[in-house]
Every structure is written in structure tokens, then in C-alpha cells.
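Asker: Attaching a predicted model along with its sequence, questions to come.
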Amino acid sequence: MEKEIILKTNHITKYYYEPVKFKALDNVSFEIRKGEFLTITGKSGCGKTTLMYILSTMDTDYEGELFIAGEKITHQKQDKLAAIRNKNIGFVFQFHYLLPEFTCLKNVMIPALKLKKYTYDEIEYQAYKKLELLGIKEQALKPASKISGGQQQRVAIARALINEPKIIMGDEPTGNLDSKNSNIVLDIFHQLAADYGQTIITVTHDNDFASKSHRNMEMADGIIINHGRKNE
């Protein structure tokens, strides 16, 4: 039985108008299923970051359709989009964006405290569980500024997981890490996909990292030139 489609785009086209009219994305259509680890690669300017902004619901100025978990996202109002993001998407960036004066535990808790779905104690318990999953529970009560860069990125992944999102979206999640820590992040993503059915979409310039994902979708000049399916 085929797994559930978590995200789908239909004919996404995006224009920029400054300094001149330019088509950044041209008729982009693809889908990703539950538990799939997808990387998006291509040279700078190919459209992959533009696509990620649209997939994340942050950019709404485009033609075509975006669906997340079967719900049409296109043309939704901003407050609804914010709720969809909080519920369905966890973000991991090249730079971890942790609050340095807060403990690792508190950093992980913040998105769940904003969502207000669970009590403080329940959120704290889940934050400890996420840190334990990522092998850094012993760092929980340290300020985020007092741990290594690789550990900080693992805290950022735990933070992305705290609201049990349907999708983790990563923008160059290993771009600021050495090869050892890049491999740790890669292993974490594979574990999340295999053991927890987590869907992961990352934009990356790291071809080695991309080659080890389930599927590497290549872009050039605003189009998908290779969907990366294993039978292609």
C-alpha cells in the first residue's frame, strides 16, 4: 500500500519583478509521501530556495497550487497559514537560531509553548524526550551558548520536532557543520524517517549529503530536471 501524500504542488510558477520581470519557478509539480527524506539541489539561482519559501507557506505570491496533508494551502489567509505552519512544519536552518541565554531545554520548548496545546509540564517532558532521542539529553540544562556547534544543531532539530510536525523543512541544515556533524545530522534524519515516519525536505549544496537521502530532486533554471525517483 502506498504511503500518504504529505505535500503536493501543482504547476507552481513564481515571478520576481525587480529589477526586471523574471520567472524564478516554471510549472513545478511534484509530491512527497510520509516518511520520505527528500533533498533539493541545484546551482545558486536555480530556484530551490524560492521553492522552499513557497512550500513553507512563507511566500504566497505565486501561481499554481500547494497542498499539505491533503489541505489546499494556496489563497489561505495569513493567520490560517501561521496556524498551519505551527501545526505541520518544523524548521531547521543552516544557523541554529537558538536563544543563547536560554537553556537547551527551554529553546526546544518555545514552539510548543507558543502553540499552547499542552501544559507546561507536558511540554517540558516532551522536550526532554526529543533531546534524549537526539542523544543530547545531558545538555538539557546548559545554556545554548555553552555547547558545541554540532550539539546546537541537534537542539535545533529537537525544537523542530517538538510540535510533532508532519514535515521537517531544512534550509542548508549541514551548511555550517563539519563532515562528522553533517553525518550525525544525516543519520538523525534517516532515523526520524525510518522509525517515526517523519517527512523531511531539505535544500542543500552538499552533494554528498544529498546522495545519501531517499531522493534527490535536482533543479535548474526554475524547473525540476530530475525528480530523483529510484526508477528514473
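Answerer: Arrived safely, thanks for sending. Residues are numbered from 1 along each chain as shown.

Asker: Remind me what whatever helix or strand G64 lives in packs against, helices and strands.
Answerer: In this structure, G64 is located in strand 63-68 according to DSSP states H and E. Packing partners of strand 63-68 (3 or more CB pairs under 8 Å, 6 or more residues apart in numbering; DSSP states H and E): strand 5-16, strand 22-33. All C-beta spots, glycine's among them, are computed from the backbone N, C-alpha and C.

Asker: Output those strands as CSV; include the columns mean pLDDT and distance to H227.
Answerer: Listed next are the helices and strands packed on strand 63-68 as CSV, based on pLDDT from 0 to 100; distance: least, CB to CB, whole Å:
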stretch, mean pLDDT, distance to H227
strand 5-16, 94, 12
strand 22-33, 92, 6
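
Asker: right, so of those strands, which gets closest to T103?
Answerer: strand 5-16 (32.0 Å; CB to CB).

Asker: now what about stretch 190-201, what contacts it?
Answerer: 6-7, 32-40, 52, 55, 161, 166-170, 189, 212-214 (CB atoms under 8 Å, 6 or more residues apart in numbering).

Asker: hey, where'd the helices end up in the protein?
Answerer: For the chain, applying DSSP state H gives helices covering 48-55, 78-88, 104-115, 120-133, 149-161, 179-196, 207-211.

Asker: Work out the gap between the last one and the centre of the chain.
Answerer: Once both centres are worked out by CA atoms, centre = their mean, to the nearest Å, helix 207-211 turns out to sit 16 Å from its chain's centre.

Asker: what's the spacing between stretch 105-113 and its chain's center?
Answerer: Taking CA atoms, centre = their mean, one finds the center of stretch 105-113 at 17 Å from the center of the full chain.

Asker: Mean confidence (pLDDT) on it, please.
Answerer: Averaged over stretch 105-113, pLDDT sits at 91.

Asker: Check which residues of that stretch are buried.
Answerer: With burial defined by 16 or more other CB atoms under 10 Å, the residues of stretch 105-113 counted as buried are L105, K106, N107, V108, M109, I110, P111, A112.

Asker: For those, which two are the farthest from each other?
Answerer: Once CB to CB is applied, the buried residues of stretch 105-113 give L105 and P111 as the farthest pair, at 13.1 Å.

Asker: Give me the residues contacting stretch 116-124.
Answerer: Contacts for stretch 116-124 (CB under 8 Å, 6+ apart): L105, M109, A112, L113, Q126, I162, N163.

Asker: Let me have those in CSV, adding distance to Y196 as columns.
Answerer: What follows is the contacts of stretch 116-124, written out as CSV (distance: CB to CB, whole Å):
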residue, distance to Y196
L105, 21
M109, 20
A112, 17
L113, 22
Q126, 13
I162, 13
N163, 14
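
Asker: residues contacting the nearest residue to S44 once chain neighbours are set aside?
Answerer: Closest residue to S44 apart from its sequence neighbours, by CB to CB, 6 or more residues apart in numbering: H205 at 8.0 Å. The contact partners of H205, taken as CB under 8 Å, 6+ apart, are T41, S44, E172, G175.

Asker: can you put those in CSV and add distance to Q76 and neighbour count?
Answerer: Formatted as CSV, those follow (distance: CB to CB, whole Å; neighbours: other CB atoms under 10 Å):
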residue, distance to Q76, neighbour count
T41, 29, 23
S44, 30, 7
E172, 27, 19
G175, 30, 16
